[in-house]
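> below: sequence and its predicted model.
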Amino acid sequence: MPTSLLRANRAALRDEPQLAPPTEGERWQCLMHDQEKHGVDCCGYFLVFFSFLFVLITFPLSIWSCIKIVQEYERAVIFRLGRVRSGAKGPGLFWILPCTDDFCRIDLRTVSFAVPPQEVLTKDSVTIMVDAVVFYRVFDPIVTVVKVDDANRATQMLAQTTLRNMLGTKSLTEILVDREEMADQMGKMLFDATKAWGIRVERVEIKDVKLPASLQRAMAAEAEAAREARAKVVAAEGEMNASRALREAAVIMSDTPAALHLRYLQTLSHISAEQNSTIIFPIPVELLSVLSRN
């Protein structure tokens, strides 16, 4: 093949758009389509026919085993000869063949469970105990029944491992301060992981973060020391302001001697109001200076 043709073919392959890989939902739809396309074989049709004939022969006694009821918040996933029938049934009445059909009842209401306290080693090498609460619900009953053995237990185990792995990358300060952000991040991680099971995680709440006793004492001592330091700073600022006020008052009184005498009189009236038996009369500074010269 000429070189020009090879180059043209390579260029055409590069320019050809690449198809994206199918998503999980598309693969599941293809699987359901294949099941509906193949259906049941001849033996299956034979069993279904005889089951239906048995219901007709034993009517009306068999009608009670054929009619089923699911509530408004429930859906029924029906299996016929081991194959899932298209679509979940409910709410209300539906019927099954007693010999060939089986069904699973799925609750669509929001369910909550508590994550047991998990021992977590933070990024700054502190061991803590953390527990949480997870709220979730089933949005695709068929996927939940077919793809997961026990959806509730699988979600609980995934929540435990996600809580440990996520908090292990955070420091103790981040966990204590940004608790709501940690819960939102954990909810997004669980949502992405469980949507392939037909489960939607709606909310995650971190309940409690327990610290070791030694660390609690250390943090309490640190907080007390910080409070004492702030109290000393406030007291020092108060003394500084008071000294400034006293200095200004001393300057004013030194400029006006009459103000000092008025202060003397005010002090005397205050002492006499307290009903003291002894009253000390202050001697003016000018009189002391005169007596000292004499």
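Now that the structure is in, tell me what you want to look at.
> how is the protein divided into domains?
The chain breaks down by automatic domain parsing into domains covering 21-107, 111-211.
> so which of those domains is the most packed in?
Neighbour counts (mean count of other C-beta atoms under 10 Å) averaged over each of the domains of the chain peak at domain 111-211, with a mean of 17. Using the backbone N, CA and C atoms, a C-beta is placed for each residue, glycine as well.
> average model confidence for that one?
Averaging pLDDT along domain 111-211 gives 90.
> quick one, strands of the stretch 101-250 of the chain?
For the stretch 101-250 of the chain, the strands defined by DSSP state E, counting those that start in this stretch occupy 101-107, 111-121, 127-138, 199-210.
> so which of the ones you listed gets nearest residue 46?
strand 101-107 (15.3 Å; C-beta to C-beta).
> please name the strands paired to that closest one in the sheet, noting orientation.
Paired with strand 101-107 in the same sheet, following DSSP bridges, are strand 74-80 (antiparallel).
> between strand 127-138 and the strand it pairs with, find me the angle.
For strand 74-80 against strand 127-138, the angle by axes from the mean of the first three to the mean of the last three C-alpha atoms, to 10 degrees is 70 degrees.
> and residue 93, which of the strands of the stretch 101-250 of the chain is closest to it?
strand 101-107 (12.8 Å).
> how about the CA coordinates for the closest one, as CSV?
What follows is strand 101-107, C-alpha atoms only, in CSV (Å, rounded to 0.1, in the frame of the first residue of the first chain):
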residue,chain,number,x,y,z
ASP,A,101,-43.5,-16.2,40.0
ASP,A,102,-41.8,-14.8,43.1
PHE,A,103,-41.5,-11.1,44.2
CYS,A,104,-39.5,-8.9,46.5
ARG,A,105,-41.1,-6.0,48.4
ILE,A,106,-38.9,-2.9,48.5
ASP,A,107,-39.6,0.1,50.8
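> from here on, call the first residue 53.
Renumbered: residue one is now 53, and that last one reads strand 153-159.
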